[in-house]
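# predicted structure and sequence below. I'll ask about it afterward.
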Amino acid sequence: MSPRRSRAALTASPVLVGAVTVLVTIVAVFLSYNANTGLPFVPTYDLKANLPNASQLVKGFDVRIGGARVGQVAEITPMRRPDGTAYAQVTLKLDKEVEPLPADSTVLVRPRSALGLKYLEVRPGEGQAGFKPGATIPIRQATPEVVEIDDFFNMFDAKARVGSRNSLDGFGTGLAGRGRDLNTAIDELRPLLDDLEPVAENLADPRTGIDRFFKALADTASEVAPAAEEQASLFVNLDTTFSALATIARPYLQESISEGPITEQVSINEFPKQRPFLRNNAAFFRELQPGVATLPHSAPILADAFQAGTENLPKTIPVNEELADTFDTLADFSEDPMVVQGVAQLTLLSSSLTPTLKFLTPVQTTCNYATLFFRNAASVLSEGDENGTWQRFTIIPTTAIQGTEPYVPNNNEIGPSSAPSDGPGKLNHIHSNPYPNTASPGQTKECEAGNERYSETVGRTLIGNQPGNQGLKTSKKSALGDK
């Protein structure tokens with residue numbers, strides 16, 4: 001049988017031609033059906049990738065690198081974290097020529113068209129290590145977060161649309177009839193742009209770190225985002241405030257603005273004159289610091305004083321009512337011509353007493369003698385009975401001359417004498433200080449009265465001030481009054 005006859009016999013059989021046609025059709029359908037999951041018998045580089053959100057990805061969607069298709073999404077599986085939140089894990093079938101994909105590569109779900117089609121973009125990293133087949137790209141490398149087009153359009157909700165409409169209406173009203181001003185502003189923009197050019201050059205210099213500035217702005221916006229509701233309420237409250245201000249805009253706010261420059265000029269002229277006042281205030285508060293430092297100690301005392309005052313001041317109301325007549329009487333008294341002459345004489349008396357008081361002031365303020373005198377005077381007459389009190393005193397006799405029979409005092413002042421006691425006995429010497437030092441002007445600063453030391457001058461007569469300084473301490477009280 002010749003070959004030519006065999007070919008004729010093959011094509012002449014309708015059954016055989018039909019069988020071949022059906023087989024070719026089945027193979028074509030099979031290949032078309034499995035095209036979305038890859039061609040059969042073609043090796044692939046399989047990886048998994050964790051995504052925060054599959055973002056409308058569908059099984060069979062493309063995987064691209066630099067816009068070129070390198071594989072497809074084979075499977076999408078929802079996953080759950082231990083805290084209950086969910087994420088998506090996609091299985092990728094990539095071309096072998098991509099293997100190995102650098103381990104620092106990132107993935108991003110991107111829109112393929114406005115109709116909702118998506119694809120998974122892979123951005124290869126620069127690392128040397130790569131993902132082994134079957135490895136998983138972690139979710140931290142699925143960045144940045146995807147913003148869907150419907151999310152973008154959802155920003156323009158009813159409130160946003162009303163706000164935009166009001167803004168356009170406000171800008172339209174504000175710009176209406178101001179064409180000449182706008183033309184002038186546009187004409188003035190050219191010098192502004194000329195000045196802006198060197199500023200832009202400086203900003204474009206990498207040393208300015210302008211990229212870090214925008215990143216910091218993004219971080220700031222992310223931190224402010226949780227307070228969006230509070231910020232929105234702030235603008236609502238501002239609207240209420242400005243609505244209230246609109247009712248008094250004219251003439252009150254208008255006059256405030258027009259009078260502002262005049263007020264500021266007055267402030268510029270007058271504030272420098274306040275510097276001495278502020279300087280004196282600063283000095284005053286510096287001087288107050290020691291007093292303020294004592295407040296922890298004195299505050300409880302003052303509190304007790306105020307509490308006592310609240311209890312006692314109501315009792316002074318009757319006294320105050322009676323004082324009215326007293327003050328009327330004093331007013332009549334002050335209008336008497338003789339009173340004026342008496343006050344003049346008192347003024348003259350006080351002037352003449354000034355040196356005396358200046359001399360006697362340290363007697364009390366330094367040595368406390370006036371207080372001690374009244375205390376001792378009261379003690380002298382403190383003894384008594386039902387018939388009255390009597391004066392307490394003690395006689396201190398001096399010693400007679402030793403070795404005489406009988407003992408005859410030598411001018412002993414226990415009795416009549418012709419001269420001050422001057423011995424010859426050791427203890428028979430007079431000690432008299434009729435004008436002791438009391439720390440007064442012109443004297444030694446000491447409290448000598450009552451502090452003379454007899455033991456230091458025994459055996460000799462001493463009339464007048466005792467040698468040395470006797471100190472400022474009197475009756476267990478120092479010159480400052482401390483016990």
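Now that the structure is in, tell me what you want to look at.
# now do the longest helix seen in the chain: distance to the chain's middle.
Longest helix in the chain, counting residues (DSSP state H): helix 337-365. Centre-to-centre, helix 337-365 and its host chain are 57 Å apart (CA atoms, centre = their mean, to the nearest Å).
# mind giving me the packing neighbours of it?
helix 369-380 (3 or more CB pairs under 8 Å, 6 or more residues apart in numbering; DSSP states H and E). Every residue, glycine included, has its C-beta placed from N, CA and C.
# could you measure from residue 377 over to residue 351?
Separation of residue 377 from residue 351 (CB to CB, to the nearest Å): 31 Å.
# do you have the strands of the stretch 351-483 of the chain handy? List them.
Assigned strands in the stretch 351-483 of the chain, in chain order: 383-385, 388-390, 431-432, 462-463 (criterion: DSSP state E, counting those that start in this stretch).
# now those strands in a markdown table, with distance to residue 218?
As requested, the strands of the stretch 351-483 of the chain are exported to a markdown table (distance: least, CB to CB, whole Å):
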| stretch | distance to residue 218 |
| --- | --- |
| strand 383-385 | 97 |
| strand 388-390 | 98 |
| strand 431-432 | 99 |
| strand 462-463 | 98 |
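# dump those strands into a markdown table; add distance to residue 209, mean neighbour count and mean pLDDT as well.
A markdown table is the format used below for the strands of the stretch 351-483 of the chain (distance: least, CB to CB, whole Å; neighbours: other CB atoms under 10 Å; pLDDT from 0 to 100):
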| stretch | distance to residue 209 | mean neighbour count | mean pLDDT |
| --- | --- | --- | --- |
| strand 383-385 | 97 | 9 | 79 |
| strand 388-390 | 98 | 10 | 79 |
| strand 431-432 | 95 | 14 | 82 |
| strand 462-463 | 93 | 14 | 84 |
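# residue 138 against residue 48, yeah?
No: contact criterion CB atoms under 8 Å: residue 138 and residue 48 do not qualify, at 10.2 Å.
# compare these two (neighbour count), which wins?
Between residue 138 and residue 48, residue 48 has the larger neighbour count (other CB atoms under 10 Å), namely 16 against 10.
# what residues are bridge-paired with that one?
residue 91, residue 136 (DSSP bridges).
# just confirm residue 64 is within a strand.
Yes: Residue 64 sits within a strand when classified using DSSP: H, G, I helix; E, B strand; the rest coil.
# show me what contacts it?
70, 119, 120, 121, 122 (CB atoms under 8 Å, 6 or more residues apart in numbering).
# recalculate using a threshold of 10 Å.
Counting by CB atoms under 10 Å, 6 or more residues apart in numbering, residue 64 touches 70, 71, 72, 110, 112, 119, 120, 121, 122.
# any idea how far the third one is from residue 93?
In this view, residue 72 and residue 93 are 6 Å apart by CB to CB.
# settle it for me: which of the two has more neighbours?
With neighbours defined as other CB under 10 Å, residue 72 and residue 93 compare such that residue 72 has more, 23 against 18.
# show me the shaky parts of the protein.
Scanning the chain for pLDDT under 70 picks out 1-13, 15-17, 27-42, 114-116, 145-150, 395-416, 423-425, 476-483.
# now do the domain split for it, please.
Using automatic domain parsing, the domain ranges for the chain come out as 34-152, 179-203, 341-381+420-483.
# could you dump the ones you listed into JSON lines and include distance to residue 237?
Formatted as JSON lines, the domains of the chain follow (distance: least, CB to CB, whole Å):
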{"stretch": "domain 34-152", "distance to residue 237": "28"}
{"stretch": "domain 179-203", "distance to residue 237": "32"}
{"stretch": "domain 341-381+420-483", "distance to residue 237": "63"}
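# before we move on, the earlier item: now the contacts of residue 64: which count as buried?
70, 71, 72, 119, 120, 121, 122 (16 or more other CB atoms under 10 Å).
# of those, which belong to strands?
Among the buried ones among the contacts of residue 64, the members falling in strands (DSSP state E) are 70, 71, 72, 119, 120, 121, 122.
# and these, which two are furthest apart?
Every pair in those was compared (CB to CB); the two farthest apart turn out to be 72 and 121, at 13.2 Å.
# now list whatever residues contact both of the two.
Residues touching both residue 72 and residue 121 by CB under 10 Å, 6+ apart: 62, 63, 64.
# could you dump those residues to a markdown table with distance to residue 367?
Output for the shared contacts of residue 72 and residue 121, formatted as a markdown table (distance: CB to CB, whole Å):
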| residue | distance to residue 367 |
| --- | --- |
| 62 | 110 |
| 63 | 107 |
| 64 | 107 |
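# which of the residues you listed sits closest to residue 182?
Set against residue 182, the nearest of these by CB to CB is residue 64 (47.5 Å).
# distance between the ends of stretch 175-184?
Stretch 175-184 has an end-to-end distance of 13 Å (criterion: CA to CA, to the nearest Å).
# try stretch 369-389
With CA to CA as the measure, stretch 369-389 spans 25 Å from end to end.
# so how far is it from its chain's centroid?
Relative to the centre of its chain, stretch 369-389 is centred 64 Å away, using CA atoms, centre = their mean.
# what does it rub up against?
With CB under 10 Å, 6+ apart as the criterion, stretch 369-389 contacts 360, 362-364, 368, 390-393, 436, 438-439, 447, 449-450, 474-475, 477, 481.
# before we move on, back to that, closest one to residue 168 among the strands of the stretch 351-483 of the chain?
Closest of the strands of the stretch 351-483 of the chain to residue 168 is strand 388-390, at 107.0 Å (criterion: CB to CB).
# each with direction, which strands does that closest one pair with?
Looking at strand 388-390 with DSSP bridges, its partner strands are strand 383-385 (antiparallel).
# which residues does residue 443 contact?
The contact partners of residue 443, by CB under 10 Å, 6+ apart, come to 359, 362, 435, 436, 437, 465.
# before we move on, the earlier item: just the closest of the shared contacts of residue 72 and residue 121 to residue 87, please.
residue 63 (18.4 Å).
# am I right that that closest one is in contact with residue 49?
Yes: contact criterion CB atoms under 10 Å: residue 63 and residue 49 qualify, at 9.2 Å.
# which residues do these two both contact?
By CB under 10 Å, 6+ apart, the residues touching both residue 63 and residue 49 are 73, 90, 92, 107, 120, 122.
# so what's the third one closest to, chain neighbours aside?
Looking back up the chat, that one is residue 92. residue 47 (4.8 Å; CB to CB, 6 or more residues apart in numbering).
# what do you get for the first one?
Setting aside the residues directly before and after it, residue 73 is nearest to residue 61 in space (CB to CB, 6+ apart), at 4.8 Å.
# what's the distance between that neighbour and residue 141?
In terms of CB to CB, residue 61 sits 19 Å off from residue 141.
# looking at those two, which is more packed in?
More neighbours surround residue 61 than the other of residue 61 and residue 141, with 20 against 17 (other CB under 10 Å).
# and the contacts of the helix or strand where residue 284 lies?
If you go by DSSP states H and E, residue 284 is part of helix 275-293. Helix 275-293 has contacts (CB under 10 Å, 6+ apart) with 271, 274, 298.
# can you give me the neighbour number for the first one?
When counting by other CB under 10 Å, one arrives at 10 neighbours for residue 271.
# contacting residues for it?
By CB under 10 Å, 6+ apart, the contact set of residue 271 is residue 278.
# tell me the secondary structure of it, please.
Three-state assignment for residue 271 (three-state DSSP): helix.
# circling back to that earlier point, any chance of the contacts of residue 443 in CSV with distance to residue 215 as columns?
Supplementary listing: these in CSV, determined by distance: CB to CB, whole Å:
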residue, distance to residue 215
359, 84
362, 78
435, 93
436, 89
437, 85
465, 90
